[in-house]
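A.B. asks: could you look at this predicted model? Sequence included:
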Amino acid sequence: MRLLPLAALLLPLTAAAQGYRVRVDTRWQTVAYRGVALDSIPVADTVSSPGGGPVSSDGFAVRCPPGAAYCTFFRPGAIRRGGPATSTVEASAWVFGIRGLSLRATGRVGVDLGTADVWPGTNPAVQLLEGYAEYAGRRVTTRLGRLIIPSRLGMTGFDGAGLTVRDATHGIELQGYGGWGLARGVALPATSPALNPLDDFQPLQRQLIVGAGGGWTSALADARVEYQREVDPHARKFVSERIGFDGALRPARDVRVSGGADYDLAAGWWGSAEAAVAYVTQRVRGTLGARRYCPHFDLWTIWGAFSPVPYRSLQASVAYAALSRFELRGRYERYRYDEAATETPLFNAKRDGWRAELGVTATPVPAWTFDAGYQREYGPGASVAGTAAAITYQPSRRIRATLLGSSFDRPLEFRFNDVGVRTFGLDAQFATSERFRIGLTAHHYSEAHHRPDAAAFDWNQWRASLRVVMAFGDAADLRGLPPSIQMLPGDRSARTPQ
Amino acid sequence: MSGRIRWLGLTFGCLAISAGSARVAAQGPAGFDHARHARVFPSCTACHPGAENPDTTLWPDPVRCTACHDGMTMPRISWQPPAAPHPSNLKFVHDLVPLMTRATPQGPQPLGCRDCHVPAGAGPMDVHRGLPERCIECHAPGASHLTAPDTVCSTCHLPLVRAASLRPADIAEFPVPPSHNTPGFVTGGVHGRLATGTSQPVAPSCATCHARDFCLTCHVDAPERPAIQALEPDPRARAIVVHLPRPPSHDDPSFLTRHGSMVRANPQQCATCHTRESCVTCHAPSQSVGLALHPAAPDRAIGAQPRRVPPPSHRENFVGRHASVAAATPATCAGCHVRSDCLQCHRPNAAGPAGYHPVGFLQRHPAAAYSRETRCADCHNTGSFCQACHATAGIVSNGPLRAGYHDASRTFIAGHGQAARQSLESCTACHAERDCLTCHSALGGRRFNPHGPGFDAQRLRRKNSQMCTVCHGSAIPDN
């Protein structure tokens, strides 16, 4: 039964409109999963380890709270195998007797074909990511239905309407939208049980959302401002109220300055912000920037009352193409959290960190690309250090094969769980035409957990995935689009039925 | 009388040619070895009577050849006179010869055959079809054939469109004038100045070898160019194949970033080779600067075909830092990207292999998640993605807080405040609100105050007092 919706969406759709286009992107992956399982033993059953700490009789370090009768510990969890399969369908139909009128929808069917429903994001099985009617004119675009508005405030999803008015001559664009909001990062309302696996507090009604924005674009500079307000209609209280600013300046031929910031009007503090200067030529690309990151929490949660502190960072990156087919690149960022103002003398977490990356890409002959990199990240909570390399053979646009491998170590700060992961695998893609493409991957993971007790375990597995992309339609809607969109390479070429 | 004298002169001239020691092994255009037969034929008109008498054929009678080529004396031959005139764009007919003279020190002299068919100084039997150089000697003294003034071409040549006998292959073999190889002739505007530099709409010299179709090879603005329109259309003109080179300006590494201002400064220059479709290869159709160019149309040349390449900014690590640029200039992004492109990454795909994240990211994601190198919540809902997966892994808190998961420090729970404020989003991936309310509530527990730097109690109470009641009940303090 769970395959029925998947099978239904695999079939090509037809529409009674004057033109249609359907793209079906189906992916299946087999993965195995192993976590930990909480266990406990009576205090009396513990023994002392050589280091003096209490351990279970089978060697697991245990935690015995003062006064408690039982000690707790975490065993390696059961092996759980999943087989998530998703089919994403993009469908468009247009020209219902009115030029510029179209219907567009993107939906996804997701099921787990494995023995255990372990993979996130497959519940509910059918999700409508976007689905709207659109009228697009030269100066006005209006949409009605399920929409996603991208802005610096995030990808805002809602069921409602949006209107964009533009004056291309002067580079001005104004936008407004409103409706019933969706939860962040998912095409489900905030009231959906699927968003609450921990049985936490949830709002009783979907939030109402309104937003407005305006932008100005010119040859020298761009600027944009966004305002967004979300209200809980049940409590008649704010869920969020934010404003964001973005700008870009091109003061010289190869120089670009960009930046932006958002302010939380409800909480009364600045959110995230960034500014960067980029210098880009054919041989050299460099950026220098500063960043501030502060998380945003809706006011229907209490998390914002815990006063999350932002971090500020300085970052730089440079890439140098020493030869036309040989490029070196590097990246570095150093960050430091603001003073948390906590009085915790018994434990101090790291407050600052850094991340760096070095890489090289070489294409000695047109069909072959070699890529290798070293990454190291050191910061509060977790760190990672390792290398990755890949060899890609692409004799034509239709065939591509990549052999890859990586090795990295990932220690945690708050738990004894240093992990070493070694990976190798093969990615292959083949397109019989612009309408049909198939991709296969097979990766082997060797995962070794390092702990001084029995909770250390090795976990090796193969992961494989299959991807099939099919496109149908008469492509009439592409006639009005820039050729650049019609000929988008790679994954997007399938949008151009021939 | 004078005409008779001229013809006599011509005859004797030919006789003189045949009597000369023709040691140059010249070949006639039809493959006939004139030099070898020098002693056989005393005069040109003996074999080519049409050169003297327009009412007769220009070619010899094949029967006369059999006098020698009878299979015994000499091998038989199968030569037959051509059924049609030789393809040519020459205006010349032999009827005009009696009217033409040649300047000599002794005054104008009648033309002889060798005056046109034998190179200057060559042997009398080095016979060719009409030699342009010999024509030029009289019609444009001092010049060579291909450097002759524009006005001279039409003296001898028909415009291409009138030279109906020429086949495309013949046109393709046209010699290239030296002027066409001068620097800047193609892309520097030289050919345009030459074409329009006469009192006529288009220089006659252009029309000699070219027709409008040739200009359409490159000129997308042909309908707007009077000189091109002055040429008549003729598809045979495309037999001369030209490859439009990239202008030197296009090879400048910064051209991609500077070409916009160049278009604004001189759109006509760009409109020579580019239609508006060149712009929309990469740009959104709403770009006003593109309106300065002509739209593609059936009667317009295809013109230059730009190849779309990612801008230099899109390479190293652009995916990770595109947010601010995309937010500031959505119209620019929309020039090449559609909404689905965003959704490919900005919606998690449970079954997707490595894409936005590198291979093995799942195993190493804690480092990126703790310090939020990017905003994870833009694509991943904390509840349905993080919590659901962590619940499966057994690392969510669903029991006593002192189970000991954070075992790197025995005092973590007592000193977790700093870690929590620094990476609260990571905490919410495993913990529910009730875990914190165990201690951080004004209604019970240890009543630890969770409010820290920047907390604006009055503002938050004004915006959403419901949040306050979770810990404070109805007794919400003023600050």
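C.D. replies: Cool, the structure landed. Only a predicted model underlies this, so the values are computations on that prediction, with no experimental measurement involved.
A.B. asks: ok, the nearest residue to A:Arg355 once chain neighbours are set aside - contacts?
C.D. replies: Nearest non-adjacent residue to A:Arg355, counting by C-beta to C-beta, 6 or more residues apart in numbering or on different chains: A:Glu377, 4.0 Å away. Yep, even glycine has a C-beta here, placed from its N, CA and C like the rest. Shown in contact with A:Glu377 (C-beta atoms under 8 Å, 6 or more residues apart in numbering or on different chains): A:Gly353, A:Trp354, A:Arg355, A:Ala356, A:Ser383, A:Val384, A:Ala385, B:Ala367, B:Ala368, B:Ser371.
A.B. asks: what's the neighbour count on the third one?
C.D. replies: The one in question is A:Arg355. Look at A:Arg355: counted by other C-beta atoms under 10 Å in any protein chain shown, it has 22 neighbours.
A.B. asks: flag every residue of the stretch 1-150 of chain B that's near chain A.
C.D. replies: Residues of the stretch 1-150 of chain B found near chain A (C-beta under 8 Å from any C-beta of the partner chain): none.
A.B. asks: please tell me how far B:Arg36 sits from B:Met125.
C.D. replies: B:Arg36 sits at a distance of 9 Å from B:Met125 (criterion: C-beta to C-beta, to the nearest Å).
A.B. asks: between those two, which has more neighbouring residues?
C.D. replies: Between B:Arg36 and B:Met125, counted using other C-beta under 10 Å, the more crowded position is B:Met125 (26 against 13).
A.B. asks: which SSE is the more buried one in?
C.D. replies: Take DSSP states H and E as the rule and B:Met125 turns out to sit in neither a helix nor a strand.
A.B. asks: how much space separates it from B:Cys44?
C.D. replies: Counting by C-beta to C-beta - B:Met125 and B:Cys44 are separated by 10 Å.
A.B. asks: ditto for A:Leu323
C.D. replies: 67 Å.
A.B. asks: quick one, which of those two is more surrounded?
C.D. replies: Here A:Leu323 and B:Cys44 are compared on neighbour count by other C-beta under 10 Å; more neighbours surround B:Cys44, at 25 against 10.
A.B. asks: is it true that that one touches B:Ala51?
C.D. replies: Yes - the pair B:Cys44 / B:Ala51 is scored as a contact, 6.4 Å apart, by C-beta atoms under 8 Å.
A.B. asks: mutual contacts of those two, please.
C.D. replies: B:Cys113.
A.B. asks: mind pulling up the pLDDT for A:Arg492?
C.D. replies: Here the pLDDT value assigned to A:Arg492 is 39.
A.B. asks: try B:Glu316
C.D. replies: 55.
A.B. asks: unless I'm mixing things up, A:Leu329 is touching A:Ala316, no?
C.D. replies: No, residue A:329 isn't Leu; it's Arg. No - counting by C-beta under 8 Å, A:Ala316 is not a contact partner of A:Arg329; they are 11.6 Å apart.
A.B. asks: look at those two and report which has more neighbours.
C.D. replies: A:Arg329 (19 against 15).
A.B. asks: so the more buried one versus A:Ser407, what's the distance?
C.D. replies: For A:Arg329 relative to A:Ser407 (C-beta to C-beta), the value is 20 Å.
A.B. asks: got it, and B:Ala46?
C.D. replies: B:Ala46 is 95 Å from A:Ser407, by C-beta to C-beta.
A.B. asks: list the residue ranges of chain A that fall below the pLDDT cut-off.
C.D. replies: A:1-18, A:95-96, A:116-117, A:475-498 (pLDDT under 70).
A.B. asks: which non-adjacent residue is nearest the residue nearest the centre of it?
C.D. replies: The centroid of chain A falls nearest to A:Gly185 when counting by C-alpha atoms, centre = their mean (8.6 Å). Nearest non-adjacent residue to A:Gly185, counting by C-beta to C-beta, 6+ apart: B:Asn381, 4.0 Å away.
A.B. asks: quick check, pLDDT for the one you found.
C.D. replies: For B:Asn381, the model assigns a pLDDT of 90.
A.B. asks: from the stretch 201-350 of chain A, which residue is nearest to chain B?
C.D. replies: A:Phe347 (2.7 Å; C-beta to the nearest C-beta).
A.B. asks: for chain A, what's the longest strand?
C.D. replies: strand A:19-42 (DSSP state E).
A.B. asks: so which other helices or strands are in contact with it?
C.D. replies: If you count contacts as 3 or more C-beta pairs under 8 Å, 6 or more residues apart in numbering or on different chains; DSSP states H and E, strand A:19-42 packs onto helix A:4-10, strand A:70-82, strand A:84-94, strand A:458-473, helix B:388-393.
A.B. asks: most tightly packed of the ones you listed?
C.D. replies: Sort those by mean neighbour count, taking mean count of other C-beta atoms under 10 Å in any protein chain shown, and strand A:84-94 sits at the top with a mean of 23.
A.B. asks: what helices and strands are in contact with the helix or strand just after that strand?
C.D. replies: Once the chain leaves strand A:84-94, the next helix or strand it forms, by DSSP H and E, is strand A:101-112. Contacts defined by 3+ C-beta pairs under 8 Å, 6+ apart place strand A:101-112 against helix A:4-10, strand A:84-94, strand A:126-136.
A.B. asks: export strand A:101-112 to PDB, keeping only CA atoms.
C.D. replies: Provided in PDB are the C-alpha atoms of strand A:101-112 (Å, rounded to 0.1, in the frame of the first residue of the first chain):
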ATOM      1  CA  LEU A 101      -1.300  32.400 -16.800                       C
ATOM      2  CA  SER A 102       0.000  29.100 -15.500                       C
ATOM      3  CA  LEU A 103      -0.400  26.500 -12.900                       C
ATOM      4  CA  ARG A 104       2.600  25.100 -11.100                       C
ATOM      5  CA  ALA A 105       3.100  22.500  -8.500                       C
ATOM      6  CA  THR A 106       5.900  20.700  -6.800                       C
ATOM      7  CA  GLY A 107       5.000  17.700  -4.800                       C
ATOM      8  CA  ARG A 108       6.900  14.900  -3.100                       C
ATOM      9  CA  VAL A 109       6.000  11.400  -2.200                       C
ATOM     10  CA  GLY A 110       8.300   9.800   0.400                       C
ATOM     11  CA  VAL A 111       8.200   6.400   1.900                       C
ATOM     12  CA  ASP A 112      10.700   4.200   3.700                       C
END
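A.B. asks: can you tell me the strand partners of that strand and which way each runs?
C.D. replies: strand A:84-94 (antiparallel), strand A:126-136 (antiparallel) (DSSP bridges).
A.B. asks: where does the prediction get shaky in the stretch 101-250 of chain B?
C.D. replies: Scanning the stretch 101-250 of chain B for pLDDT under 70 picks out no residues.
A.B. asks: that one: helices as residue ranges?
C.D. replies: B:114-117, B:132-139, B:150-156, B:168-172, B:190-196, B:204-209, B:212-216, B:226-230 (DSSP state H, counting those that start in this stretch).
A.B. asks: which of those sits closest to A:Pro66?
C.D. replies: helix B:212-216 (92.1 Å; C-beta to C-beta).
A.B. asks: which residues are contacting that closest one?
C.D. replies: With C-beta under 8 Å, 6+ apart, helix B:212-216 has contacts from B:222, B:225, B:228-229, B:231-238, B:240, B:242, B:300-301.
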